[in-house]
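>>> Pasting the sequence and the predicted coordinates here, then a few questions.
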Amino acid sequence: MNDLPKTSPEIDKTDTTVGTKSRRPSPRDVMPEKDWSDYRGILIVVEQRNGIAKKVSWQLLGEGRRLADKLNTHLSALVIGSNVSALAKEAIYRGADQVYLCDSEELKDYRTRPYSKVCLTVIGQYKPEIVLMGATYTGRDLAGAIATHLPTGLTADCTQLDVDEQRLLLASRPAFSEKMLATILCKQFKPQMATARSGVFLALPLDPTRDGDIIPIASQMKEDEIVTRVLDFLEQNDYVSLEDQEIIVAGGRGLGGPEAFALLQNLADALGGVVGASRAAVDAGWITHDHQVGQTGSTVRPKLYFAIGISGAVQHVVGMQNADMIVAINRDPNAPIFKVAHLGIVGDLFTLVPALCTAIKAQKD
Ligand code: FAD
């Protein structure tokens with residue numbers, strides 16, 4: 001994207017030399033500089049539920065592979081759960097050189113304390129220089145708990161990752177509301193930690209010829225030491241998880257009201273997809289926030305993305321620009337969405353969407 005956020009000056013989370021004149025010295029100012037050279041390698045914490053990994057974990061393994069090759073170091077995965085050894089193998093097939101596997105009954109469902117203790121044990125023992133996990137509800141909780149205990153810096157919700165010649169992680173995320181992409185560094189502590197959004201990075205294809213060690217890790221807490229109990233999972237039936245969808249039909253303010261989302265639902269049904277939305281449509285109360293795509297919604301990477309009555313503001317585009325095929329319908333030929341669309345149709349959505357539905361259904365019959 002040409003008109004997307006420009007990279008801001010780097011922000012160093014741990015650089016205490018910034019602005020020291022006017023503030024009282026912090027304990028970090030007098031801390032002797034630590035030698036972190038024994039910290040090597042990249043660790044991806046794989047998130048799973050009922051033995052099924054979150055896509056973001058495989059996407060991070062793909063990105064982790066690229067970073068590890070650049071640093072000339074190893075890529076490890078940490079799989080925690082109960083009956084999850086198949087995931088450890090899959091992590092190898094997806095790019096890991098080795099996997100730490102902590103497989104125990106009390107780890108079946110995510111709970112902060114037992115999971116963070118396993119992570120802290122692995123980090124303490126194997127000393128990775130970089131630790132990455134998905135910016136999911138679970139990943140955010142777990143990463144925060146670990147970073148607090150170590151303590152080290154944590155950059156949340158990254159959309160770009162890289163490393164420099166000093167082996168520093170360049171963790172970039174949208175900042176200052178709109179057009180800035182802040183690159184955040186953690187210079188003085190290890191491991192450098194970040195959570196990253198789903199749908200931003202590419203998972204590697206499964207390669208069953210890959211080989212690697214699976215290292216068993218003991219669970220760190222017994223059930224009677226864990227103060228929380230998972231009693232039940234209550235599924236919200238109408239909740240849409242856009243991140244895993246292959247076809248998304250998204251609508252914006254151009255729909256003019258909530259009723260027009262029925263048109264989009266027809267098109268989504270005909271294509272076997274789901275409905276997405278711009279923030280303008282969500283803020284207007286036409287559809288719920290779980291449908292929102294963009295900077296403050298979901299980042300998606302479907303095979304097919306329809307942007308209907310959506311202008312193409314940078315905060316929307318940042319969430320859908322990686323779709324394989326983008327089709328835009330807008331009555332304004334100068335709408336910015338046409339800059340990212342592979343196929344643009346200038347016209348009135350109220351005529352075009354029903355016509356598309358009819359054509360698709362006719363082809364099916
Ligand atoms: P508009 O910009 O009003 O565009 C409506 C489009 O519909 C126009 O291009 C118009 O030509 C077209 N149209 C109208 N009638 C028709 C018709 N009959 N047929 C065909 N086309 C028609 N936005 C997001 O989407 N996701 C985010 O996550 C997000 N996060 C944000 C975070 C911050 C901090 C800020 C400041 C903003 C954020 N926004 C986000 C808002 C974003 O800046 C835009 O305001 C928003 O995306 C605009 O939504 P829209 O394209 O639906 O509406």
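Good, I have the coordinates. Everything quoted here is computed from the prediction, not taken from an experiment.
>>> Can you tell me which residues in the stretch 251-365 of the chain are near the ligand?
Contacts of the stretch 251-365 of the chain with the ligand, taken as C-beta under 6 Å from any ligand atom, map to 252-254, 278-281, 292-297, 309-311, 313, 315-316, 319, 329-332, 335, 348-350. Any C-beta I mention is one placed from the backbone N, CA and C, and that applies to glycine too.
>>> Pull out the buried members of those.
Under a neighbour-count criterion of 16 or more other C-beta atoms under 10 Å, the subset of those counted as buried comprises 252-254, 278-281, 292-295, 297, 309-311, 313, 315-316, 319, 329-330, 335, 349.
>>> And the closest residue to residue 206 other than its chain neighbours, how close does it get to residue 301?
Closest residue to residue 206 apart from its sequence neighbours, by C-beta to C-beta, 6 or more residues apart in numbering: residue 93 at 4.8 Å. Separation of residue 93 from residue 301 (C-beta to C-beta, to the nearest Å) stands at 20 Å.
>>> more crowded one of the two?
The residue with more neighbours, out of residue 93 and residue 301 and counting by other C-beta atoms under 10 Å, is residue 301; that gives 24 against 18.
>>> need the contact list for the more buried one.
Taking C-beta atoms under 8 Å, 6 or more residues apart in numbering as the definition of contact, the neighbours of residue 301 are 199-200, 322-324.
>>> So which of the buried ones among the residues of the stretch 251-365 of the chain next to the ligand are in strands?
329-330 (DSSP state E).
>>> Give me the subset of the buried ones among the residues of the stretch 251-365 of the chain next to the ligand lying in helices.
Among these, the members found in helices (DSSP state H) are 279-281, 315-316, 349.
>>> Determine which two of those residues are furthest apart.
The most widely separated members of these, counting by C-beta to C-beta, are 315 and 349 (21.0 Å).
>>> May I have stretch 34-45 exported as CSV, CA atoms only?
Below are the C-alpha coordinates for stretch 34-45, written out as CSV (Å, rounded to 0.1, in the frame of the first residue of the first chain):
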residue,chain,number,x,y,z
LYS,A,34,23.4,-7.0,31.4
ASP,A,35,25.0,-9.3,29.0
TRP,A,36,22.2,-11.1,27.0
SER,A,37,24.4,-12.9,24.5
ASP,A,38,23.2,-16.3,25.8
TYR,A,39,19.7,-15.5,24.6
ARG,A,40,19.4,-16.9,21.1
GLY,A,41,16.6,-18.1,18.9
ILE,A,42,12.9,-17.3,18.3
LEU,A,43,10.1,-18.9,20.2
ILE,A,44,6.5,-19.0,19.0
VAL,A,45,3.8,-19.8,21.5
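>>> in that stretch, what's buried?
Using 16+ other C-beta under 10 Å as the burial criterion, the residues of stretch 34-45 that qualify are 39-45.
>>> Now tabulate the ones in helices among the buried ones among the residues of the stretch 251-365 of the chain next to the ligand in CSV and tack on pLDDT.
Shown next, in CSV, are those (pLDDT from 0 to 100):
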residue, pLDDT
279, 97
280, 98
281, 98
315, 91
316, 96
349, 98
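>>> quick revisit: for the residue nearest to residue 206, give its distance to the ligand.
Here residue 93 is placed at a distance of 34 Å from the ligand (C-beta to the nearest ligand atom, to the nearest Å).
>>> Ramachandran coordinates for that residue?
Backbone torsions for residue 93, taken as degrees, to the nearest 10, come to phi -60, psi -20.
>>> show me where the chain has helices.
Ranges of helices in the chain, per DSSP H, are 55-71, 85-93, 112-126, 137-149, 261-271, 279-283, 314-317, 337-340, 349-364.
>>> Could you give the number of residues near residue 344?
17.
>>> which of the contacts of residue 301 sit farthest apart?
Checking the contacts of residue 301 against each other with C-beta to C-beta, the farthest-apart pair comes out as 200 and 324, at 14.6 Å.
>>> which one of those two has more residues nearby?
Using other C-beta under 10 Å as the criterion, residue 200 and residue 324 rank with residue 200 on top: 21 against 11.
>>> Report the contact partners of that one.
Contacts here follow C-beta under 8 Å, 6+ apart; on that basis residue 200 touches 59, 158-160, 299, 301, 322.
>>> How about residue 117?
Residues near residue 117 by C-beta under 8 Å, 6+ apart: 220-221.
>>> OK, contacts around residue 73?
Residue 73 makes contact with 40-42, 129, according to C-beta under 8 Å, 6+ apart.
>>> now with 6 Å?
40-41 (C-beta atoms under 6 Å, 6 or more residues apart in numbering).
>>> gap between the nearest residue to residue 266 once chain neighbours are set aside and residue 279?
The spatial neighbour of residue 266 that comes closest, neighbours along the chain excluded (C-beta to C-beta, 6+ apart), is residue 357 at 5.0 Å. Taking C-beta to C-beta as the measure, residue 357 and residue 279 are separated by 25 Å.
>>> Can you check the pLDDT for the residue nearest to residue 266?
On the pLDDT scale, residue 357 is placed at 95.
>>> correct me, but it touches residue 264?
No: between residue 357 and residue 264 no contact is recorded; they are 9.8 Å apart, counting by C-beta atoms under 6 Å.
>>> Counting neighbours around each, name which of those two comes out higher.
Per other C-beta under 10 Å, whichever of residue 357 and residue 264 has more neighbours is residue 264, with 28 against 18.
>>> I'd say that one and residue 248 touch.
No: Residue 264 lies out of contact with residue 248 (C-beta under 6 Å); the separation is 10.0 Å.
>>> Return the set of buried residues in stretch 208-215.
Taking 16+ other C-beta under 10 Å as the criterion, stretch 208-215 shows 212, 214-215 as buried.
>>> What lies in contact with that stretch?
Stretch 208-215 has contacts (C-beta under 6 Å, 6+ apart) with 88, 92-93, 96-101.
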